[in-house]
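Participant: How does the following fold in three dimensions:
(one chain, ligands or ions: 2)
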Amino acid sequence: MATTNLSVYDKATIPNAKNFRFGIVVSEWNPEITQNLKKGAIEALLDCGATKENIISWDVPGSFELVYGCKKMIQSQKVDAIIAIGNVIQGETKHFDFVCEGVTQGIVDLNVKHDVPVIFCVLTDNTKQQSLDRSGGKLGNKGTECAVAAIKMAALKNLNAKSESIGF
Ligand SMILES: Nc1c(NC[C@H](O)[C@H](O)[C@H](O)CO)[nH]c(=O)[nH]c1=O
Ligand SMILES: CC(=O)[C@@H](O)COP(=O)(O)O
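Facilitator: Residues are numbered from 1 along each chain as shown. Ligands and ions are numbered 1, 2, ... in the order given. So this is what the prediction gives:
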């Protein structure tokens, strides 16, 4: 099913983010897109109770470098979740395929090897218009959706053994 609206969320179903610390790693490729994704993510984090002091943001050259940037953030910062933000747009060659595969598998590997949830906020689109539509355009903002995922996963990460459920 095609994307409907990425920016709609119900705060009643989301834990309060006030006690969580979030990392954001942002690709510098296609900055018009990635900066809008970052904006949507930060706005949603703050709307759900996070504080500016608890949001740390790093830039990397491209989506392929998101994996290393997130790994270094996990190793050096105390964060409860990380949002990896990138935008890969199909060009003339197969490079798109390899970049997308590399960043996808790399983020999967980080989630398996470490105990910090890394949220996949990478738009992998056929055209720039598809990216514009999903980074604050007519289909909403993937950054917003990923911020909500980051909050929920931060809550899961901090679930104590005595908890029966998270109860979003
Ligand atoms: N074409 C796009 C790239 N390419 C660059 C790679 O991500 C990487 O930085 C380079 O291969 C050096 O390792 N990156 C994007 O994020 N988006 C693109 O559309
Ligand atoms: C996804 C990419 O790396 C892409 O923008 C590169 O463009 P091209 O395949 O035309 O070299």
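Participant: and the spatially closest residue to V103 that is not a sequence neighbour, how many residues sit next to it?
Facilitator: Spatially, and ignoring its direct neighbours in sequence, V103 is nearest to S63 (4.8 Å; CB to CB, 6 or more residues apart in numbering). Heads up, the C-betas are built off the backbone N, CA and C, glycines and all. Using other CB atoms under 10 Å, S63 has 28 other residues around it.
Participant: any idea how far S63 is from ligand 2?
Facilitator: Distance of S63 to ligand 2, given as CB to the nearest ligand atom, to the nearest Å: 8 Å.
Participant: which ones are touching that residue?
Facilitator: S27, W29, G86, N87, V88, V99, C100, V103, V122 (CB atoms under 8 Å, 6 or more residues apart in numbering).
Participant: quick one: the third one is in a strand?
Facilitator: Going back to what we said before, that points to G86. Yes. Under DSSP: H, G, I helix; E, B strand; the rest coil, G86 falls within a strand.
Participant: what's the distance between it and ligand 2?
Facilitator: Separation of G86 from ligand 2 (CB to the nearest ligand atom): 10 Å.
Participant: Kindly provide the distance from the closest residue in space to that residue that isn't next to it in sequence to ligand 1.
Facilitator: Excluding the flanking residues, the one nearest G86 by CB to CB, 6+ apart is S63, at 3.3 Å. Distance, S63 to ligand 1, by CB to the nearest ligand atom: 3 Å.
Participant: Please report phi then psi for S63.
Facilitator: phi -60, psi -30 (degrees, to the nearest 10).
Participant: Can you tell me which residues in the protein are near ligand 1?
Facilitator: 27, 29-30, 61-65, 86-89, 99 (CB under 6 Å from any ligand atom).
Participant: Show me the two of the residues you listed that sit farthest apart.
Facilitator: For the residues of the chain next to ligand 1, the maximum inter-member distance is 16.6 Å, found between E65 and I89 (CB to CB).
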